[in-house]
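Chemist: sharing a model prediction with you, sequence too.
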Amino acid sequence: MKPVPLATPDTQEWLDRIDAGELTVPRCTACASSFLYPRSSCPRCGARSVELVPAAGTGVLLSFVVNHRAPAGFEAPYALGVVRLAEGPHLTGVVRTDRPDLLEVDAAVRVGFEERGERRVVCFDLEEAGR
Ligand SMILES: [Zn+2]
């Protein structure tokens with residue numbers, strides 16, 4: 001079984017909205033900074049007024065690793081990428097592709113969701129190929 005994130009008070013709503021099929025990005029209502037991971041205070045100005053804003057669902061692959069020795073529940077080879085979302089913050093997730101050997105940094109990706117039991121997790125699909 002693939003792992004699923006465990007909610008904390010700071011991440012509960014963010015994860016619940018992912019379960020509902022919506023990626024959001026936390027944004028400070030005082031200084032307008034967007035950030036991840038979700039937390040109750042702004043990492044830039046310290047304000048404790050944070051709202052979750054719907055994300056565009058697009059991004060760029062900043063870095064990735066192709067894992068050839070899959071842990072339980074995963075099928076090798078698979079790619080794990082760090083994506084810079086259109087809103088700016090970075091998010092890590094599996095990049096779904098049949099050809100991880102062809103991945104390139106700066107590739108355009110779109111946010112997707114993977115069902116894992118009762119939870120959903122964020123993953124990424126390549127914009128051009130679709131998968
Ligand atoms: Zn702030």
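Modeler: Now that the structure is in, tell me what you want to look at.
Chemist: all helices of the chain, in order?
Modeler: Assigned by DSSP state H, the chain shows helices spanning 12-19.
Chemist: and this protein, which residues reach the ion?
Modeler: Proximity of the chain to the ion is confined to C28, A30, C31, S33, C42, R44, C45, A47 under the rule CB under 5 Å from the ion. Heads up, the C-betas are built off the backbone N, CA and C, glycines and all.
Chemist: show me which of these are buried.
Modeler: Neighbour-count burial (16 or more other CB atoms under 10 Å) is assigned, among the residues of the chain next to the ion, to C28, S33, C42.
Chemist: ok, the first one touching V50?
Modeler: Looking back up the chat, that one is C28. Yes: with contact defined as CB atoms under 8 Å, C28 and V50 form a contacting pair (5.9 Å).
Chemist: residues shared between the contacts of those two?
Modeler: Shared contacts of C28 and V50 (CB atoms under 8 Å, 6 or more residues apart in numbering): C42.
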